[in-house]
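> pasted the sequence and its predicted model underneath.
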Amino acid sequence: MSRLELGVCYYPEQWDRSLWRDDARRMVEMGLDWVRIAEFTWGLIEPERGQFNWGWLDEVISILGEAGLRVMMSTPTAAPPKWLIDEYPGILPVGSDGRVRGFGSRRHYCFSSEVYLSEARRIATEYARRYGQNPYVRAWQIDNEYNDHDTVLSYSGAARDGFRRWLADRYGSIEKLNNTWGTVFWGSAYSSFDQVELPNGLVASANPTHALDFARYSSDRVRLFNRAQVDVLRELSPGRDITHNFMAGSFEFDHHAVAADLDIAGFDSYPLGNLLESTLLDEDKRRYLRTGAPDYQGFHCDLYRSQGSGRMWVLEQQPGPVDWAEKNPSPADGMVRLWTWAAYAHGAQAVMFFRWRQAKFAQEQFHTALLRSDGSPDQAAVELAQVASERNTLPLSTRVRAQVAILLDYESIWAAEILPHDAAFPNAQIYREWYAGLRSLGIDLDFVGTGDDLSGYALIVIPQCMIVSPDLAAKLRACQAKLLIGARAGSKTNDMHTPQNLAPGELADLTGVRILRVESLPDLAQETVRLQDGTKHEFTGWREIVETNETLIASFSSTYRDGSPAIVRSDRAIYLAMVPRGALLQAVLTEALNWVGIPITESSPDLRITRRGDLQFAFNFGPDEQPLPDVKTRKYLVGASVIPPFGVSIWVEEAAT
């Protein structure tokens, strides 16, 4: 599927049935292809154990399908019913504060509960038996936003018992666990696995390997939970695509692993909802208050497209103000259209809008939709209609492999949270900042995980990879790419130990460096990095003292060990002994791209250009017109060479005559 598909999230159970048929007609007239339904319907379908009320959902599916719409059915496990909680209260998750998180909203289950895993399989089986062969049901979504409301880590009794079993399987003997965790430190040795508690509620910080193992265990439980429902659907609903809507900005479980069991990697995109909570400077937040950061959506599209092996859908697209952020501004007119085309440009096969009609009761009354609660069309409906018309002017196209890949490792993100050394260490934000820096230079990007094929790339960028296994190091040595490696890389083993040869451990031969000491500096330190051309850039935070015989690209200007290496280049890798940001980051990225020989296209900070096959796209995130070079061989299919504020241009290159 290469043509942009459009869809909407629909909650017919929240509206009188007299509206359903008219809703379906209006959806088709608006240009929609898909309708996603039923993710919160368990308690409505099964109000008591074993008693099912399918009639209303049967009717909805028939109405939608007969109107010409394809249905994405959801398994309803994100919101177990009250009767099930009353029957098995141990299903409920427990926060890090030790308090049970109760019934009354959603995501009120613990991934570690074996009872709930069994119940999830059971209800998924009931839904799949009912609708798995339905001709109108063409795809499935499993559950809903796995880490919403911070629910991956649960500190329940079920989690404690499951973690103990997981540890016994991993280590085999308590002696090996004690040795690996280093429990001789602070005299915290165990004599049996049944003595191990969860890493919360402690006087001081938890043992870092203990905490990392709990993060690994919790991530494994998410994959097990997801896979259990995938297996049900594969058996009872063959030939239908299966997806999950990952949360943009969530790194609490391994999305690479969960996506491997799906046909499509989906995610929910809310560019404004996440802007104010980002680490952008206030001046940038002000500038992009009504557009979202220019690279927010592209980052997640490229990440999930890569995890989905080229198949990525936006399963919830922000249509206007949301209701869940601290502040909830309206997007500028034109931005819903821009976000939709930007998702397609970055590889989306489909974009679904959240939601069809704005709720008039309960928790999400202020969350806008395509229609207002009275049924009148809101701004997003106008822009959706424009996209539906414009897509008919475009030839079919597919996103191709990029020259540059970013390696993203979830375990390293958890590790840096557990053992930060710098309370302000940007961690996951490093990935976003390096991505944005590369995109601002006109570079298209893929993402790779530690288990992925690394061949075919000219440059692999490793912003933060604290844990580097021997297998990953061997893959990096074997691939032909040059490497740009950020600070902390290889600084811990799989066991969260310092490598025998010191950091960067397994990457020592590739980088030619040895890290003798690390420090973290406050802003008032006023340290700088001096590049070869004599320019200086301020930096703060993480700094490493490096020993090397390789080529020096930059050095530190400091009252402490002035002139020590800041950026080092070997035959294969550029290694950074600090975390660059702002102008220093741009200088580093430019240096790496020039070293590899990848052309750079610099443009306005508000302009982003990307390619999908033969189609090229330009997006204006700013309030001023943005001119493109007037190239005679360009044939504009949408827009023109001058892009209006919050506008889009799409073109193909024609052969020069």
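Arrived safely, thanks for sending.
> domain parsing for this protein?
5-92+125-151+240-393, 404-596, 607-653 (automatic domain parsing).
> mean confidence (pLDDT) on the longest one, please.
Over the span of domain 5-92+125-151+240-393, the pLDDT mean works out to 96.
> rewinding a little: any chance of CSV for the domains of the chain, columns distance to residue 109 and mean neighbour count?
The C-beta positions use only the backbone N, C-alpha and C, and glycine is treated the same way. Formatted as CSV, the domains of the chain follow (distance: least, C-beta to C-beta, whole Å; neighbours: other C-beta atoms under 10 Å):
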stretch, distance to residue 109, mean neighbour count
domain 5-92+125-151+240-393, 5, 20
domain 404-596, 22, 19
domain 607-653, 39, 17
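> can you tell which of these is closest to residue 186?
domain 404-596 (15.1 Å; C-beta to C-beta).
> quick check, residue 180 in a strand?
No: counting by DSSP: H, G, I helix; E, B strand; the rest coil, residue 180 is not found in a strand; it is helix.
> got a list of what residue 616 touches?
609-610, 650-653 (C-beta atoms under 8 Å, 6 or more residues apart in numbering).
> closest one of those to residue 10?
residue 650 (29.0 Å).
> how close does the closest residue to that closest one other than its chain neighbours sit to residue 377?
Once flanking residues are discounted, residue 650 sits nearest to residue 638: 4.0 Å by C-beta to C-beta, 6 or more residues apart in numbering. Between residue 638 and residue 377 the computed distance is 22 Å (C-beta to C-beta, to the nearest Å).
> equivalent analysis for residue 95, please.
41 Å.
> then residue 282?
35 Å.
> residue 133 contacts residue 235, correct?
No: applying C-beta atoms under 8 Å as the test, residue 133 and residue 235 come out as separate, 11.7 Å apart.
> quick check: neighbours shared by those two?
Counting by C-beta under 8 Å, 6+ apart, nothing touches both residue 133 and residue 235.
> picking that back up, tell me which of the contacts of residue 616 is nearest to residue 277?
Taking C-beta to C-beta as the measure, residue 610 is the one of the contacts of residue 616 closest to residue 277, at 25.4 Å.
> give me the phi and psi for the closest residue in space to the closest one that isn't next to it in sequence.
Nearest residue to residue 610, sequence neighbours excluded (C-beta to C-beta, 6+ apart): residue 345, at 5.0 Å. Note on residue 345: backbone dihedrals following degrees, to the nearest 10 are phi -60, psi -30.
> next: residue 616.
Dihedral angles (degrees, to the nearest 10) for residue 616: phi -120, psi 140.
> now swap in the one 5 residues further on and tell me
Here the main-chain torsion angles of residue 621 (degrees, to the nearest 10) amount to phi -90, psi 0.
> so how far is residue 289 from it?
11 Å.
> swap in residue 220?
Counting by C-beta to C-beta - residue 220 and residue 289 are separated by 40 Å.
> same check on residue 327?
For residue 327 relative to residue 289 (C-beta to C-beta), the value is 9 Å.
> and the helices in the stretch 351-500 of the chain?
379-390, 410-418, 428-440, 470-478 (DSSP state H, counting those that start in this stretch).
> against which helices or strands is the second one packed?
Secondary structure elements in contact with helix 410-418, counted by 3 or more C-beta pairs under 8 Å, 6 or more residues apart in numbering; DSSP states H and E, are helix 208-236.
> I'd like to know which elements the helix it packs on is packed against.
helix 114-131, helix 157-171, helix 174-181, strand 241-247, helix 255-259, helix 410-418.
> what angle do the fourth one and helix 208-236 make?
Think strand 241-247. Strand 241-247 runs at 150 degrees relative to helix 208-236, counting by axes from the mean of the first three to the mean of the last three C-alpha atoms, to 10 degrees.
> how far out from the middle of the chain is strand 241-247?
12 Å (C-alpha atoms, centre = their mean, to the nearest Å).
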